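Asker: generate a structure from the sequence data that follows.
(4 chains)
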Number of protein chains: 2
Amino acid sequence: MATTIDDVARAAGVSTSTVSYVLSGKRPISAPTRQRVERAIRDLGYRPHAGARALASSRTDVIGLMAPLRVDVDVAVIMQFVTGVVTAARTFDHDVLLLTSDEIAGMERVAFGSMVDAFVMLDVEAEDPRVPVLAELSQPAVLIGLPRDPEGLSCVDLDFAAVGRTAVAHLASLGHRRVALVGSPRAVMERHTSYAERLVEGFTLGAADAGVRGVVEPCEASSAGAADAVARVLADQPDVTGLVVHNELALPWVLSALRERGLRVPDDVSVLAVCPPDVALAQPLPMTSVEIPAHTIGRVAVEMAMARVERHEPAEIRLLPPQLVERSSTAPPAR
Amino acid sequence: MATTIDDVARAAGVSTSTVSYVLSGKRPISAPTRQRVERAIRDLGYRPHAGARALASSRTDVIGLMAPLRVDVDVAVIMQFVTGVVTAARTFDHDVLLLTSDEIAGMERVAFGSMVDAFVMLDVEAEDPRVPVLAELSQPAVLIGLPRDPEGLSCVDLDFAAVGRTAVAHLASLGHRRVALVGSPRAVMERHTSYAERLVEGFTLGAADAGVRGVVEPCEASSAGAADAVARVLADQPDVTGLVVHNELALPWVLSALRERGLRVPDDVSVLAVCPPDVALAQPLPMTSVEIPAHTIGRVAVEMAMARVERHEPAEIRLLPPQLVERSSTAPPAR
DNA sequence: GTGAAAGCGCTAACAC
DNA sequence: GTGTTAGCGCTTTCAC
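Answerer: Predicted coordinates:
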């Protein structure tokens, strides 16, 4: 299609600006004119040239999505965030430019090159080097996660501290007095990944509040890692009856490790997973879980970004309340 | 940065075109001039405006990546293709625009809007409705996968027919006479997903060639699905000693199902996986596998796309030869 | 080896 | 309610 806005204008017998305004809706157009223009657009199969539009309007209708693809984080979960963001972006007529590898350089290239209207950034660490850079850019940004200092950027995340508290509270209310958190891989913790730390904090405080003993074990994302973590939990606390697992990749292996030790779920030990619903349902036993609404978070991130772009709303921080779904993997402890 | 190419020209005491040519290298520039310009660019922190450049040159330096995020396909594998594409794109100074949901409309919007220089498309089906549309666009496209009729588009994929043959041949050479393929979910087969069908074909032919009995069972991507598939295989062929598993999500569950039936790998049954190397290594036992070089395929796809954009090379079809890596999950059958 | 200037296709004043 | 037109920032011919 080499058709331009002028072709359309000519075909419709109006001026270019009228076509432009029909397209943008930024000024009233009489019904007959609008119809003639829309007809011409359809007949010619006209599509505005994105570059020309970006040049003239300094809007690109593109959102930059930074998704660092680290090891040790479940890409399936990342992907849910990504699809959430892409789907939501489309509802705002935006496309998504994906940045993965050379994060910081990429941000600057894309920002200074005016390739995007806003950024959404996944997998934020407490002291994330990308945050100060992002804060300096002219485009607004929304972080999925919570750095120690957001520096005026918008943030959205599940309230992982509340997740930790909710999870312990559920086990405690069933009567469990000895519980453990099988958490993120050590590497994730050492990066001070924000969600992992907040979950541990909530879990620990929640355990104290409920008067139950709660230990925390990191867990590598492999069969052997899960077996190890389970072994360490049982060594430390042989009478444990409640497990919180926050590690999608390890979850199946934690369950096999328990089975291999002759521990039945939920009869001998209750297991509560912190994960997206589909992961909870893919296990041999439907898992009671605190849901990670990855799709929702992605959507909210885009909404927040667009609010800043379109209505210049101020940056805000939103922590979504956790939701517990009881399925078959938790029960009162055996007496 | 509101600095433009004119600011740079002024600072360097040259004309705008000279700056442009320094940037593009499209005509010789004397060393001193080049240095003054480069200095000015650095001092001012100048970055060309992507939209302006796209408008003037009708090149965007962006590749459109279509990654349909279907159920039943392992997103981890998809993600490997995606990162392969993104990483490769960067080596060509290109960024990646990600399309997921509204495939066909998205393609047209992005193509007619001149937002990308080329397309790469994942997860191609035999009769993929996106292919004819893609074939009509002015931008070149590379399919990862092989439709029945590529309609003049470039294609790249692992040679899955050869994978099937290689897998059976390996088992046969170890002495196995009764083998089975635990394959993709039924839904994937019913979509006539190209790789799944070609693998089955190669497996079947390979079995015939080697004079071994080979049955094929689809397998759902869940614990229960895997258990079912294993049950069906054993019902049909109780003396099976060799399994080929082409289903990343089900692989762990296939292994547990075997264990639960008291079948030891590789003592009682050899298992050969068709999967990316990291999946092969994440299992309880390092798996002998035919590798799916997702990262490589992604890279090759980008190289082919750029060859068409930059050098107008004709479309081609490349099937990458499979590579077998022996690890611990296959052995001669017990006597 | 370098410069001047004509667009690329669109938006958004500024007119009426 | 509609038209005219001056840019937006770059690339690339054409000229020297």
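Asker: read off the pLDDT value for A:Ala105.
Answerer: Reading off the confidence values, A:Ala105 has pLDDT 90.
Asker: right, I mislabeled it, should have said A:Val71
Answerer: On the pLDDT scale, A:Val71 gets 66.
Asker: give me the below-cutoff pLDDT ranges for chain A.
Answerer: A:1, A:71-72, A:101-102 (pLDDT under 70).
Asker: would you map out the domains in it?
Answerer: A:5-57, A:62-158+A:294-320, A:160-291 (automatic domain parsing).
Asker: how distant is the last one from the center of its chain?
Answerer: Meaning domain A:160-291. 21 Å (Cα atoms, centre = their mean, to the nearest Å).
Asker: quick check, the residue in the stretch 201-335 of chain A closest to DNA strand C?
Answerer: A:Glu310 (12.1 Å; Cβ to the nearest atom of the strand). (Glycine included, C-beta is placed from N, CA and C.)
Asker: tally of neighbours for the nearest residue to A:Asp268 once chain neighbours are set aside?
Answerer: In space, and not counting its chain neighbours, A:Asp268 is closest to A:Ala334: 6.4 Å by Cβ to Cβ, 6 or more residues apart in numbering or on different chains. By other Cβ atoms under 10 Å in any protein chain shown, 10 other residues sit near A:Ala334.
Asker: before we move on, what about A:Val216?
Answerer: Neighbours of A:Val216 (other Cβ under 10 Å): 18.
Asker: that one and A:Val179 touch, don't they?
Answerer: No: with contact defined as Cβ atoms under 8 Å, A:Val216 does not count as touching A:Val179 (10.1 Å).
Asker: before we move on, back to that, mind putting the domains of chain A into a markdown table with distance to B:Asp236?
Answerer: Below are the domains of chain A laid out as a markdown table (distance: least, Cβ to Cβ, whole Å):
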| stretch | distance to B:Asp236 |
| --- | --- |
| domain A:5-57 | 54 |
| domain A:62-158+A:294-320 | 32 |
| domain A:160-291 | 24 |
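Asker: and of these, who's closest to DNA strand D?
Answerer: For those, the distance to DNA strand D is smallest for domain A:5-57, at 2.9 Å, taking Cβ to the nearest atom of the strand.
Asker: wait, does that closest one contact DNA strand D?
Answerer: Yes: Domain A:5-57 is in contact with DNA strand D by Cβ under 7 Å from any atom of the strand, via A:13-18, A:21, A:27-30, A:32-34, A:52, A:55-56.
Asker: just the buried ones out of these, please.
Answerer: A:Val14, A:Thr18, A:Tyr21, A:Ile29, A:Thr33, A:Arg34, A:Ala52, A:Leu55 (16 or more other Cβ atoms under 10 Å in any protein chain shown).
Asker: could you pull out the strands for chain A?
Answerer: A:62-66, A:95-99, A:118-121, A:141-144, A:154-158, A:178-182, A:213-217, A:242-245, A:270-275, A:288-291, A:317-320, A:324-325 (DSSP state E).
Asker: quick one: which of those strands is nearest B:Val244?
Answerer: With Cβ to Cβ, the closest approach to B:Val244 among those belongs to strand A:270-275: 30.2 Å.
Asker: related to what we said a few turns ago, of the residues of domain A:5-57 next to DNA strand D, list those near chain B.
Answerer: Filtering those for proximity to chain B (criterion: Cβ under 8 Å from any Cβ of the partner chain) leaves A:Ala52, A:Leu55.
Asker: re earlier: got CSV for the strands of chain A, with distance to DNA strand D too?
Answerer: CSV is the format used below for the strands of chain A (distance: least, Cβ to the nearest atom of the strand, whole Å):
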stretch, distance to DNA strand D
strand A:62-66, 17
strand A:95-99, 18
strand A:118-121, 19
strand A:141-144, 22
strand A:154-158, 26
strand A:178-182, 52
strand A:213-217, 52
strand A:242-245, 51
strand A:270-275, 46
strand A:288-291, 45
strand A:317-320, 33
strand A:324-325, 51
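Asker: I'd like those laid out as a markdown table, including distance to B:Pro238.
Answerer: Shown next, in a markdown table, are the strands of chain A (distance: least, Cβ to Cβ, whole Å):
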| stretch | distance to B:Pro238 |
| --- | --- |
| strand A:62-66 | 51 |
| strand A:95-99 | 49 |
| strand A:118-121 | 54 |
| strand A:141-144 | 51 |
| strand A:154-158 | 48 |
| strand A:178-182 | 38 |
| strand A:213-217 | 42 |
| strand A:242-245 | 37 |
| strand A:270-275 | 35 |
| strand A:288-291 | 38 |
| strand A:317-320 | 52 |
| strand A:324-325 | 41 |
